[in-house]
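>>> have a look at this fold, sequence not included:
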């Protein structure tokens, strides 16, 4: 039985950052279920040595904690390939466009613009500390995003584009999401426009060596303070501290930081059991569904046709694509996301069948050359036992207003981290860092008291 | 390590019934987490010896499996007290009425009747084997019951009455529930009218000795085939069979029946991990929230005022009451339910404070005498670690159509029981028995093959 000041449960971005902040001044032990650090950051290496993130991969200019971390660790960024025309597929026809908003008939553009403006105006009023406190919170929390779309979108095409945007941001369907949650999420990330944008937005930059590499560097800095393959099976807690039971041993500490998504926190047997509200909240926060798919080609052939590699609305299963080629590398990488209900359909299928379907989607948008990659990789986050979904947990109707107060509040010696407890950057690495900052501050205050 | 033909996980009504059906012909081991059988059936004994169910308590005339079980075990039923006038509280005024539908202004009654008729007509078309197959399934699954109410209820009073009915049936708020799920649920119980009714409906009869007593008799019949205090922590499964790890030992079998609610099934570490869809489905099936409150009085004083003890719409936290006096007993029992969001507010509060609030609700409806019970008991099912909510798990928008196919299907040697897998009587003891019947049949077929 080892004794520390702080146990950090989970070595994703949030847990690693919390440990970095507390390490040195306090004795810290990080317990990680997997044999690797990074959580929802995961680096894949193709046969030729090209690396690609199969987990989260982007840094936006407004994500100042993430950018500071990147600098701090001596890493550097490069912009996502954003030159050439994007493609929008509607009614089986492909049209080229530039910027964030696809080329659509004028009345559809106006309709979509109206939906987005209305959404942004509503989101702007959300108090990130207490989304339930808005004068219209109850009303908005009792509606879904689908309801917002039905009320505010007058053309089917505008509603479809809006739905694709929602899918790309949440990996969930509009009818699954509380409108209040979606508004909070947009506000927490700056705005919906920022979350949907490449230049100036959440998809602007990538990191040489990947986010997976960044997590690795953080973990290396913590050295043997991390114990891997140590899923916490039971956690005893009282005012004196915590005791974690894992296959790698029993760990005691005065405080614990839970730096893992709600679905994983639920897998821990708490003793005493959690208050009903905390348990109910976590049970009401399922994760989005996402399969990230990357095809490697001898060169980024779409650029030769003046295309950016970015597309929306192509045929299922992939509805959104990006040029994921690392700056300075020769091979071209095409990235596609299978999201929401489509991910649930494709999870667990034969890998060859899934690859064929993805390449079929790519070919429908970028032509026959897309059928012949050099290499291919995908990651089904819904099947990953210690994640069970991406990008983040979301809230359906009614959850924020009835149980949201229990999201971030400490519980005795237990402190809440993970991007799902962030007030800024919820669902992003930025949020993981913000939550870590807060949780570390709470623990520091408690240990000094 | 013990070896059996079948492991039954959970000794609620479903697990006990499955074990009864298989016992004798196969070697059966029932593993129960608690020190008692019954699951969501729980008998409480007041200081004077009066007994009352703090869990499920009713039998309806259409619940033929439950009625057969009652006969089979030599138990007998008596009707819930249903004489005198019911009370409906609206706009702070109490009005008397008889039957299922409260006394309301005529235009409100017509409006409510129209909502109910429309709901029943929609429910009547649901295929219980595959609710997702209805021509309008996708549309209905993307809406909530709140949306149905907003579209079909024109008066605030009719919508409020409808919401109270939904609360009483689901212990969840209208905006939390997929409309398709609510339609399925009503159809699975016969009709919404049957679920809301006393005479001829799901609240018609009670059992001498209680449902808790019935569970006890089933358990006694199984004798030492049940191991108590054996929560399954891990379950290894492959085509050859299963191995369950519990604090009470390790148990092997050729097949297992999971007779526990989805939230509890999630607490098991499956090895290999579950397919993503099964895991995602269970994560998307949170339970309703319910605190069942019973006050014992020297006599059922409300009867003297010509009242039935049944009321709807009284002031929070209790919105629905019943006369729960056991036939032939002298003391009067008044039953109130705290449901949905109210249950989340009142869970974990000081017991004396909760008791005072409940008696305040009772007094507002039945007068000052309600403030002075002889005894009082309540059961917060959301705080119960091996239940975490009542009456049953429900589905929010989008779940039935995207994941519902994985609800009842066996998974290798694992067979699904529990009322949440029932096609008839979902959420009721009847459903627990129906699911047990099916699961036992599946196991029998597999073991004989």
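Received it, and whenever you're ready, just let me know what you need. Computed from a prediction, not measured in an experiment: that's the story for all the values here.

>>> okay, now the unreliable bits of the stretch 51-200 of chain A?
In the prediction, the stretch 51-200 of chain A carries no residues with pLDDT under 70.

>>> do a quick rundown of the helices in it.
A:64-72, A:106-124, A:137-141, A:145-152, A:156-170, A:179-188, A:192-196 (DSSP state H, counting those that start in this stretch).

>>> buried stuff in the fifth one?
I take that to be helix A:156-170. A:157-170 (16 or more other Cβ atoms under 10 Å in any protein chain shown). In short, each C-beta sits where N, CA and C put it, glycine included.

>>> please apply the same query to the longest one.
Buried residues in helix A:106-124, counting neighbours by 16+ other Cβ under 10 Å, are found at A:108-109, A:111-112, A:115-116, A:119-120, A:122-123.

>>> which other helices and strands contact that helix?
helix A:145-152, helix A:156-170, helix A:179-188, helix A:192-196 (3 or more Cβ pairs under 8 Å, 6 or more residues apart in numbering or on different chains; DSSP states H and E).

>>> from chain B, how far off is residue A:289?
7 Å (Cβ to the nearest Cβ, to the nearest Å).

>>> give me the most central residue, chain A.
residue A:391 (3.0 Å; Cα atoms, centre = their mean).

>>> what's the domain layout of chain A?
Domains of chain A are assigned by automatic domain parsing as A:2-38+A:212-286+A:394-448, A:43-64+A:73-82+A:202-209+A:287-380, A:103-196.

>>> how about the residues of the stretch 201-350 of chain A by chain B?
By Cβ under 8 Å from any Cβ of the partner chain, the residues of the stretch 201-350 of chain A that approach chain B are A:233, A:263, A:266-267, A:269, A:273, A:275-277, A:279-280, A:283-284, A:286-287, A:289, A:341, A:344, A:347-348.

>>> out of those, which are buried?
By 16+ other Cβ under 10 Å, these give A:233, A:263, A:266-267, A:269, A:275-277, A:279-280, A:283-284, A:286-287, A:289, A:341, A:344, A:347 as buried.

>>> restricted to strands, list these.
Using DSSP state E, the members of those that fall in strands are residue A:269.

>>> for the longest strand anywhere in chain A, which strands pair with it and how are they oriented?
Criterion DSSP E: the longest strand present in chain A is strand A:249-258. Here strand A:249-258 has these sheet partners by DSSP bridges: strand A:2-9 (parallel), strand A:241-246 (antiparallel), strand A:414-416 (parallel).

>>> ok, which of those strands comes nearest residue B:28?
Residue B:28 lies closest to strand A:241-246 among the strands paired with strand A:249-258, at 30.8 Å (Cβ to Cβ).

>>> buried stuff in that closest one?
A:241-246.

>>> local confidence estimate at the residue lying closest to residue A:284 once chain neighbours are set aside?
Excluding the flanking residues, the one nearest residue A:284 by Cβ to Cβ, 6 or more residues apart in numbering or on different chains is residue A:399, at 4.6 Å. The model reports residue A:399 with a pLDDT of 98.

>>> also the one 5 residues further on?
With respect to pLDDT, residue A:404 has a value of 98.

>>> do residue A:378 as well
In this model, residue A:378 is scored at 98, pLDDT.

>>> got it, and residue A:267?
For residue A:267, the model assigns a pLDDT of 92.

>>> now for it: which residues touch it?
A:231, B:266-267, B:269 (Cβ atoms under 8 Å, 6 or more residues apart in numbering or on different chains).

>>> check these against residue B:334 and report the nearest one.
The closest of these, once distances to residue B:334 are taken by Cβ to Cβ, is residue B:267, at 35.1 Å.

>>> how about the closest one, phi and psi?
phi -80, psi -10 (degrees, to the nearest 10).

>>> look up how far chain B lies from the residue nearest to residue A:105 when sequence neighbours are not counted.
In space, and not counting its chain neighbours, residue A:105 is closest to residue A:157: 7.4 Å by Cβ to Cβ, 6+ apart. Taking Cβ to the nearest Cβ as the criterion, residue A:157 is separated from chain B by 19 Å.

>>> just checking, residue A:157 touches residue A:104?
Yes. In this structure, residue A:157 is within contact of residue A:104 by Cβ atoms under 8 Å, at 6.1 Å.

>>> need the overlap of contacts for these two.
Common contact partners of residue A:157 and residue A:104 (Cβ under 8 Å, 6+ apart): A:90, A:112.

>>> ok, the nearest residue to residue A:25 once chain neighbours are set aside - contacts?
Using Cβ to Cβ, 6+ apart and skipping the chain neighbours, the partner closest in space to residue A:25 is residue A:444 (7.6 Å). Counting by Cβ under 8 Å, 6+ apart, residue A:444 touches A:22, A:25-26.

>>> now swap in residue A:337 and tell me
A:168, A:171, A:290-293, A:318-321.

>>> select only the buried ones of those in ChimeraX?
Typed into ChimeraX, the line below selects the buried ones among the contacts of residue A:337, using 16+ other Cβ under 10 Å:
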select /A:168,171,290,291,292,293,318,319,320,321
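
>>> strands - which of the contacts of residue A:337 land there?
A:290-293, A:320-321.

>>> go through the residues you listed and name the one nearest residue A:204.
residue A:320 (16.1 Å).

>>> which ones are touching the closest one?
Residue A:320 sits next to A:164, A:167-168, A:311-312, A:336-337, A:339 when contact means Cβ under 8 Å, 6+ apart.

>>> what about 10 Å?
A:164-165, A:167-168, A:310-314, A:335-339 (Cβ atoms under 10 Å, 6 or more residues apart in numbering or on different chains).

>>> gap between residue A:41 and chain B?
Taking Cβ to the nearest Cβ as the measure, residue A:41 falls 20 Å from chain B.

>>> ok, that residue touching residue A:391?
No. Residue A:41 is beyond contact range of residue A:391, at 11.2 Å (criterion: Cβ atoms under 10 Å).

>>> now the common contact residues for these two.
A:55-56, A:429.

>>> so which helix or strand takes in the closest residue to residue A:425 other than its chain neighbours?
Spatial nearest neighbour of residue A:425, chain neighbours left out: residue A:431 (3.5 Å); criterion: Cβ to Cβ, 6+ apart. Using DSSP states H and E, residue A:431 sits in helix A:429-448.

>>> next: residue A:424.
Going by DSSP H and E, residue A:424 is not in any helix or strand.

>>> from residue B:367, how far off is it?
53 Å (Cβ to Cβ, to the nearest Å).

>>> those two: which has the busier surroundings?
It is residue A:424, of residue A:424 and residue B:367, that has more neighbours when counted by other Cβ atoms under 10 Å in any protein chain shown, with 20 against 13.

>>> count of neighbours near the nearest residue in space to the more buried one that is not next to it in sequence?
Distances taken as Cβ to Cβ, 6+ apart place residue A:434 nearest to residue A:424, at 4.9 Å, with adjacent residues excluded. By other Cβ under 10 Å, 26 other residues sit near residue A:434.

>>> distance of the residue nearest to residue A:25 from residue A:31?
As judged by Cβ to Cβ, residue A:444 and residue A:31 stand 20 Å apart.

>>> what's the answer for residue A:437, then?
With Cβ to Cβ as the criterion, residue A:437 and residue A:31 are 20 Å apart.

>>> out of these two, which sits in the busier spot?
Neighbour comparison, residue A:437 and residue A:31: the larger count goes to residue A:31, with 25 against 18 (by other Cβ under 10 Å).

>>> if that one is in a bridge, with which residues?
Per DSSP bridges, the residues bridged to residue A:31 are residue A:9, residue A:227.
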